[in-house]
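J.: Just the structure for this:
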Amino acid sequence: MENIIRINKDTWRIEDGHVRFFLFCGTKRAALIDTGMNRPDAKQIAESLTELPLILINTHADPDHISGNGAFDSFYMNPFEEENYRAHGGRGELIPVREGDVIELGERPLKVIDIPGHTPGSIAILDEKNRVLVSGDTVQDGNIFMFGPRRDLGAYIRSLGHLALYDGLYDEIYPMHGTFPVMPDLISKLQKGAEEIRDGLAAGTQVNVLGRDVCLYRFPYAGFLCNLK
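T.: Numbers count the residues shown, from 1 in each chain. Here you go, the predicted model:
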């Protein structure tokens, strides 16, 4: 059963097992950000919380973020995610968004930031008015999936560096996994850890995830699940 938690008068988080998604409301419309892993009724949940017209924004297209997309005729997503989305049976019209695009909810503009690496079209969403960054799976304190197709550790490291351009514009980060919320200083820690993995300086342990043997690099602040060397 989903756990609906009101963050403030215009913002909710919906906990769906090991993943979460969000509802942001402006004065003219509302945005559901992702639709979780086991929530084909995500749209109904959102509509029970607001009467505003509802849109959908996806941070990326891994299957634990799109379970309720089928209830929407269209959705906002980086076009580099479309292959991933369709490969998992995703339906509907993709409305492309890229770095710098602003989705206006009415006195609550949401700015799109491209952060490829975890997936080719991963995005973050900056809610500058409320000083919040929605980070998808890229910034979190759980185990970040960086194994299998479409993952790119080099791009991930560059994306964490790119987020430095937005330093000072947000006070908290809303991740889709792990602790809620996390603080901005986690970004530099993740970048350092990923660089150590890239440079062969980190020690990993073989683990099995979803029937696949991968390497877990566990740091005090988060973990990375990567391809075996």
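
J.: got a list of contacts for the helix or strand harbouring I173?
T.: Element membership of I173 [criterion: DSSP states H and E] is strand 172-175. Residues from elsewhere that reach strand 172-175 (Cβ atoms under 8 Å, 6 or more residues apart in numbering): 13, 22, 131-137, 139-142, 180-184, 186-187. Just so you know, the C-beta spots here come from the backbone N, C-alpha and C atoms, and that holds for glycine as well.

J.: at 7 Å what do you get?
T.: Strand 172-175 is contacted by residues 22, 132-135, 139-140, 180-184, 186 when judged by Cβ atoms under 7 Å, 6 or more residues apart in numbering.

J.: before we move on, what about stretch 130-139?
T.: With contacts defined as Cβ under 7 Å, 6+ apart, stretch 130-139 is touched by 22, 33, 59-60, 115, 117-118, 122-126, 144-145, 159, 169-177, 182, 186-187, 190.

J.: again, only this time at 6 Å
T.: 33, 59-60, 115, 118, 122, 124-126, 170-176, 186-187 (Cβ atoms under 6 Å, 6 or more residues apart in numbering).

J.: Point out where the chain drops to low pLDDT.
T.: When residues are selected by pLDDT under 70, those of the chain lie in 1-2.

J.: Going by contacts, tell me the helices and strands next to the lengthiest helix in the chain.
T.: Counting by DSSP state H, the longest helix found in the chain is helix 186-198. Helices and strands touching helix 186-198, by 3 or more Cβ pairs under 6 Å, 6 or more residues apart in numbering; DSSP states H and E, are helix 153-162.

J.: Go again with 7 Å.
T.: Contact partners of helix 186-198 among helices and strands, from 3 or more Cβ pairs under 7 Å, 6 or more residues apart in numbering; DSSP states H and E: helix 153-162, strand 223-226.

J.: center of this structure, which residue is that?
T.: Centroid-nearest residue in the chain: G136, 1.0 Å away (criterion: Cα atoms, centre = their mean).
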